[in-house]
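**Q** need a 3D model of the following:
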Amino acid sequence: MKPIELLPSLRKRLVLLSLVITFGITVTVIAPFPSSSFILYFGLALAAFCYCVIRLFKREPVLMLSEAGIFSKMTINAGKIGLIYWSDITEIRETKRFWVIKGIELHTGEEVAERYNSRINGKYRSGRKTLLIYLSNDEINMTHKELFVLVNRYWDHYRINN
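**A** Predicted coordinates for the structure are as follows:
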C-alpha cells in the first residue's frame, strides 16, 4: 500500500471563514460601539478571522498514513505526539457524541501510552493510562465511513507486517 497524505478541504475552511465573518458583522451591528463588550467580542472575532485566514492558505497535510504509522495534525495533542506506529495501536473504534457517530479513536496500551504522553505538554495531557487520538473528517474531503475504512485497512495490513 502506498503512503497517503490527506490535505484539508478548502471548501470546509471557506465555510468556517464565512461563519467567522458573519459572527464579526453580527457583533459589530448588535453591540454598541464604545462598550467593553464590543471590544471583547470584536477582538475575538478578529482573532478567529486571522486564525482562519492563516489556516486557509496553509496547505500541509492534516493526516498521513504510511507503512510506518499514522501522523495526524487534526488535534493539538496529535500534532505534538507525532508518528504513531501501527504496531503500538491496540484498538480503533468509532466514537459517538449525542447518538451520532462523530469520530475515530486510536487506542494504545499503557506502556506505549507513557512513551507518547511524554511528548505532550503538561496542560494538554489527560489523566488516562492509555493514549487516545481522535480523528475526524471535519477538515478533509472524505466521509466518516471512508476515513474509518481507510485507517482500518492500513492498520490491519501494517500491524501484522511490521
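
**Q** domains in the protein, by residue range?
**A** Following automatic domain parsing, the chain resolves into domains at 8-57, 63-161.

**Q** and the shortest one, end to end?
**A** End-to-end span of domain 8-57 (Cα to Cα, to the nearest Å): 10 Å.

**Q** what bits of this structure have low per-residue confidence?
**A** Residue ranges of the chain with pLDDT under 70: 31-34, 75-80, 97, 99-101, 116-132, 162.

**Q** let's see 50
**A** Along the chain, segments meeting pLDDT under 50 span 123-125.

**Q** helices of that one, start to end?
**A** For the chain, applying DSSP state H gives helices covering 10-30, 36-57, 76-81, 110-117, 144-161.

**Q** for Ser66, find the nearest of these.
**A** With Cβ to Cβ, the closest approach to Ser66 among the helices of the chain belongs to helix 144-161: 8.3 Å. Bear in mind the C-beta positions are built from the backbone N, C-alpha and C, glycine included.

**Q** what's the closest one packed up against?
**A** Helix 144-161 sits against strand 63-65, strand 69-72, strand 89-97, strand 100-108, with contacts defined as 3 or more Cβ pairs under 8 Å, 6 or more residues apart in numbering; DSSP states H and E.

**Q** repeat that for 10 Å
**A** With contacts defined as 3 or more Cβ pairs under 10 Å, 6 or more residues apart in numbering; DSSP states H and E, helix 144-161 has these neighbours: strand 4-6, strand 63-65, strand 69-72, strand 89-97, strand 100-108, strand 132-135.

**Q** with mean neighbour count added, can I get those in TSV?
**A** Output for those, formatted as TSV (neighbours: other Cβ atoms under 10 Å):
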stretch	mean neighbour count
strand 4-6	15
strand 63-65	21
strand 69-72	22
strand 89-97	13
strand 100-108	17
strand 132-135	18
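
**Q** buried deepest among the helices of the chain, which one?
**A** Highest mean neighbour count of the helices of the chain: helix 76-81, a mean of 17 (counted as mean count of other Cβ atoms under 10 Å).

**Q** pick out the residue nearest the middle of this protein.
**A** Met74 (1.9 Å; Cα atoms, centre = their mean).
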